[in-house]
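K.L.:
sequence and predicted structure, then a few things I'm wondering about:
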Amino acid sequence: MDRYYIYGVNFKDNGKIYNFKSTFRCPINVTVITETEKGLQFGKVVNYIKKDDIKNIDELKDIIRISTKKDYEEYLRNLKDADLALKQCRSLVKELDLDMKMINASYTFDRKQLIFNFLADERIDFRELARRLASIYHTRIELRQIGARDKAREVGGLGICGGKICCANFLNHIDSVSMNMAKVQGLALNPSKINGLCGRLLCCLTYECEEYERCSEGLPSIGEVVSTEYGEGPVVNVDILNRTYKVLVNNERVEISLGDEVGSTK
């Protein structure tokens, strides 16, 4: 174990980062050839990983070598050929009248596998498509159905915040997002406000949800009738992070703080 260095490697810009072990040092941002379950892959070292953060180092795949000029030229050829294969695949999908949208295609570095990602609303019988592709390219064909979030990551774009969408920028893992997260944070359940480019709930709803849940403990809900030192009335506003709420008492808004229970009329 002591003889290994551990590095994070991605295979496309802003793509998921995978951990690999190496018997030699690799500078950050250097391109390398790695061993993967699908064959050899061309990737880039993006960070150094402390050994203490990895439990089963021996189970990690290896960095084979730092890439050469010839490796890079082969990588560029694979990109070009994969783009041509994608166009051919789209033509076959149309010919076979399959209800699927091809997103992208990629070769493994050693060209032992050609992978196509596609979108579809339902399960697709693509056996004939796979047979035709295999007969053309003489390699193993994988047709992988992906979701709307994965498509957004592939395509990229700007979110409602004005910044690059998180999944295409820094997220290595897309967590499950629920409508309850928006409710916990007191957000208006307007699709144009809480949905991302993918049409699904914003990934960033997960970032602060835990803190909102902590701060909301003990706070009443809007519309709930509560008693205060000024009288009884319905809750008309809740400020979760400041842990305060406002109650309508005798047509005046009374602000209550859970921290010191001091109220003031507004």
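P.N.:
Thanks, I have it.
K.L.:
how much space between the residue nearest to the spatial centre of the chain and Asn180?
P.N.:
Here the mean C-alpha position of the chain is nearest to the C-alpha of Ile174 (Cα atoms, centre = their mean), at a distance of 3.3 Å. According to Cβ to Cβ, to the nearest Å, Ile174 stands 18 Å off from Asn180. Placement of C-beta: from N, CA and C, glycine included.
K.L.:
just give the nearest non-adjacent residue to the residue nearest to the centre of the chain, would you?
P.N.:
Spatial nearest neighbour of Ile174, excluding adjacent residues (Cβ to Cβ, 6 or more residues apart in numbering): Arg149 at 5.3 Å.
K.L.:
where does the stretch 101-250 of the chain dip in pLDDT?
P.N.:
172-173 (pLDDT under 70).
K.L.:
picking up where we left off before, how close does the residue nearest to the centre of the chain sit to Ile124?
P.N.:
Ile174 is 22 Å from Ile124, by Cβ to Cβ.
K.L.:
now do Tyr48
P.N.:
Counting by Cβ to Cβ - Tyr48 and Ile124 are separated by 41 Å.
K.L.:
secondary structure class for Lys80?
P.N.:
Per DSSP: H, G, I helix; E, B strand; the rest coil, the local secondary structure of Lys80 is helix.
K.L.:
relative to Lys12, how far out is it?
P.N.:
Separation of Lys80 from Lys12 (Cβ to Cβ) stands at 15 Å.
K.L.:
same question for Glu229.
P.N.:
Note on Glu229: its distance to Lys12, by Cβ to Cβ, is 61 Å.
K.L.:
what's the answer for Asn180, then?
P.N.:
Distance from Asn180 to Lys12, by Cβ to Cβ: 33 Å.
K.L.:
what of Phe116?
P.N.:
Per Cβ to Cβ, Phe116 is found 15 Å from Lys12.
K.L.:
the two: who's more crowded?
P.N.:
The residue with more neighbours, out of Phe116 and Lys12, is Phe116; 25 against 12, by other Cβ atoms under 10 Å.
K.L.:
other SSEs contacting the host helix or strand of the more buried one?
P.N.:
Using DSSP states H and E, Phe116 sits within strand 113-119. When contacts are defined as 3 or more Cβ pairs under 8 Å, 6 or more residues apart in numbering; DSSP states H and E, strand 113-119 sits against helix 69-95, strand 101-107, helix 127-137, strand 140-145, helix 148-155.
K.L.:
that one - which strands sit beside it in the sheet, and in what orientation?
P.N.:
Here strand 113-119 has these sheet partners by DSSP bridges: strand 101-107 (antiparallel), strand 140-145 (parallel).
K.L.:
what comes up buried for it?
P.N.:
Gln113, Leu114, Ile115, Phe116, Asn117, Phe118 (16 or more other Cβ atoms under 10 Å).
K.L.:
and those residues as CSV, adding distance to Glu74?
P.N.:
Output for the buried residues of strand 113-119, formatted as CSV (distance: Cβ to Cβ, whole Å):
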residue, distance to Glu74
Gln113, 15
Leu114, 15
Ile115, 17
Phe116, 20
Asn117, 22
Phe118, 26
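K.L.:
now, which of those sits nearest Asp58?
P.N.:
Lowest distance from Asp58 to these (Cβ to Cβ) belongs to Gln113, with 25.1 Å.
K.L.:
distance between the ends of stretch 209-229?
P.N.:
32 Å (Cα to Cα, to the nearest Å).
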